[in-house]
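> the following block contains a protein sequence and its predicted model.
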Amino acid sequence: MTIFKFALKRGFFSPAALILNLALPLLLMIVMRADGLGDQGLFLIAMAVMFGGFFMAKGIQNDRMEGVLLRILSGPVTMRSYLIQNLLGAAVPMLGLSIVIGIFGVVIHDWNMTFAVGMVICYALLAATSIGLSFVWSSLFKSKESSSGAFSAVMTLVSALGGFFVPLNLMPDVLFYLGTLFPAHWASRGIQILIDYGEFTQMYWFSLLAMLLYAAVYILFGAKRRLI
């Protein structure tokens, strides 16, 4: 079994990933229709995608802490190959989830193709930034306890400042501009632009570019850190 296949299997069988990457987003899509959750559901789905992407790539940290990484690298596997396969093992399912959300939107909520494609791209890039952040996280912490505690605090703060709970236009200016330091803010902005205009505006593409840059920075920074 290749590392890529193992990463896929491990991600799918993780309870947190299963809930965040399958049950919760699709349940929210249904609730949005039945309970009148409306546009707020799109931001709650974004939060689930962000958390889900992080947990899909968390296997790197587990391998490091449990000594599995040393055993893997003692064979004919390079660190570069290990990291690429693990990142792809996390990214492919998240891309699939984003596409499924878009299909559900078209079928259940009558989204037009522009809106559906826009949401798919936005969710997929948000997942990419979360996977990159998980990569960085794996290189910074040496114990699961300190990692979990810091993760809960940071992700709660990022979700709040990113506009997942409170609309960006209702935030005080200080919190709004502070939120721009996190990719969640740009995901919220991209989603809101699609809701307001239903098309790909210049600011929408700028929001996607911001998320793409965050993902690249996280992955490059994580790649320069020692995992062993």
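Cool, the structure landed. Residues are numbered from 1 along each chain as shown.
> pretty sure residue 25 is touching residue 45, no?
Yes - between residue 25 and residue 45 a contact is recorded at 5.0 Å, counting by CB atoms under 8 Å. C-betas here are computed from N, CA, C, even on glycine.
> so what sits against both of the two?
The contact sets of residue 25 and residue 45 overlap at residue 101 (CB atoms under 8 Å, 6 or more residues apart in numbering).
> more neighbours: which of the two?
Taking other CB atoms under 10 Å, residue 25 and residue 45 do not tie; residue 45 has more neighbours (27 against 24).
> tell me the contacts of the more buried one?
24, 25, 28, 29, 101, 123.
> can you rerun that using 6 Å?
Residues in contact with residue 45 (CB atoms under 6 Å, 6 or more residues apart in numbering) are 25, 28.
> how close does it get to residue 88?
Using CB to CB, to the nearest Å, residue 45 is found at 23 Å from residue 88.
> could you do residue 122 as well?
Separation of residue 122 from residue 88 (CB to CB): 21 Å.
> looking at those two, which is more packed in?
Each of residue 122 and residue 88 has its neighbours counted (other CB under 10 Å); residue 122 has more, 26 against 15.
> wait, that one sits on residue 190?
Yes - counting by CB atoms under 6 Å, residue 122 does reach residue 190; the two are 4.5 Å apart.
> any idea how far residue 28 is from the nearest residue to residue 119 once chain neighbours are set aside?
Nearest residue to residue 119, sequence neighbours excluded (CB to CB, 6 or more residues apart in numbering): residue 102, at 5.8 Å. As judged by CB to CB, residue 102 and residue 28 stand 14 Å apart.
> equivalent analysis for residue 106, please.
From residue 106 to residue 28 the distance is 16 Å (CB to CB).
> when these two are compared, which one has more neighbours?
Set residue 106 next to residue 28 and count neighbours by other CB under 10 Å: residue 28 wins out with 21 against 15.
> which element follows the helix or strand where the more buried one lies toward the C-terminus?
Under the criterion DSSP states H and E, the helix or strand holding residue 28 is helix 24-34. Downstream of helix 24-34, the first helix or strand assigned by DSSP H and E is helix 40-56.
> and that following helix, which residues are buried?
The neighbour-count check on helix 40-56 (16 or more other CB atoms under 10 Å) flags 41-56 as buried.
> and the following helix or strand past that helix, how far out from the chain's middle?
Next along the chain after helix 40-56, taking DSSP H and E as the criterion, comes helix 59-65. The chain centre lies 18 Å from the centre of helix 59-65; the measure is CA atoms, centre = their mean, to the nearest Å.
> stretch 191-198 too?
The chain centroid and the centroid of stretch 191-198 are separated by 20 Å under CA atoms, centre = their mean.
> can you show me the helices along this protein?
Ranges of helices within the chain are 3-12, 15-18, 24-34, 40-56, 59-65, 68-73, 79-109, 113-140, 144-161, 173-179, 183-197, 202-224, based on DSSP state H.
> pull the number of nearby residues for residue 134.
By the criterion of other CB under 10 Å, residue 134 has 24 neighbours.
> which residues does it contact?
The contact partners of residue 134, taken as CB under 6 Å, 6+ apart, are 54, 57, 58.
> now with 10 Å?
Applying CB atoms under 10 Å, 6 or more residues apart in numbering, we find residue 134 in contact with 53-61, 86-87, 90, 151, 218, 222.
> for residue 188, same thing?
42-43, 46-47, 122, 126, 159, 161-168, 179, 182, 207.
> pLDDT value on the residue nearest to the spatial centre of the chain, please?
Residue closest to the average C-alpha location in the chain (CA atoms, centre = their mean): residue 127, at 2.5 Å. Turning to residue 127, the model gives it a pLDDT of 92.
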